[in-house]
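[1] below: sequence and its predicted model.
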Amino acid sequence: MARRLLIVDDALIIREIIKDSAIDAGWEIAGEAANGQEAVEQYQELRPDAVTLDLVMPEYDGLHALRGIRELDPDARIIVVSAVDQKNVLRQAFKIGATDFLVKPFDKDALIQTLEATVPAGLEANAS
């Protein structure tokens, strides 16, 4: 069974880049969200194997989503994908429970390597 990914970013173009890269690497896209609240709702409904999460979004930001997802699932695998270069925000994201971090703009290969390291093949939630 394919590993399932939830993509969270307010920029459609970034979601498309992540989606295309992940699909090419054999991942299934479980869902997409454009803000932190949608991310929490989608996570609760879909229970993906991993999440890519932007930090800077309208309405509810990525830190809101990170907290909400961690409340639902303390073991959630969340990769922050953000252009944010503020060390205190990144520190806070890791403190809340981010699994890894990629800086935008990111290299497609770096994205795939990070996804593969976060959820190695055979470790998907629905593996038999």
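    Happy to help now that I have it.
[2] any idea which helix is longest in the protein?
    Counting residues, the longest helix found in the chain (DSSP state H) is helix 12-24.
[3] name the helices or strands packed onto it?
    strand 4-8, strand 28-33, helix 108-118 (3 or more C-beta pairs under 8 Å, 6 or more residues apart in numbering; DSSP states H and E). C-beta: built from backbone N, CA, C; applies to glycine.
[4] average model confidence for the shortest one?
    So the one you mean is strand 4-8. For strand 4-8, mean pLDDT is 98.
[5] most tightly surrounded among the helices and strands packed on helix 12-24?
    strand 4-8 (a mean of 26; mean count of other C-beta atoms under 10 Å).
[6] and the longest helix of the chain, which residues are buried?
    14-15, 17-19, 21-22 (16 or more other C-beta atoms under 10 Å).
[7] quick one: end-to-end length of stretch 64-83, please.
    17 Å (C-alpha to C-alpha, to the nearest Å).
[8] what about the residue nearest to the spatial centre of the chain, is that helix, strand or coil?
    Nearest to the mean C-alpha position of the chain, by C-alpha atoms, centre = their mean, lies Thr52 at 1.6 Å. What DSSP: H, G, I helix; E, B strand; the rest coil gives for Thr52 is strand.
[9] pLDDT weak spots in the chain?
    85, 123-128 (pLDDT under 70).
[10] re earlier: from what I can see the residue nearest to the centre of the chain touches Ile17, true?
    No: with contact defined as C-beta atoms under 8 Å, Thr52 does not count as touching Ile17 (10.3 Å).
[11] Serialize the buried residues of helix 12-24 to CSV and add fields for distance to Thr114.
    Below are those laid out as CSV (distance: C-beta to C-beta, whole Å):
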residue, distance to Thr114
Ile14, 15
Arg15, 16
Ile17, 14
Ile18, 11
Lys19, 15
Ser21, 11
Ala22, 11
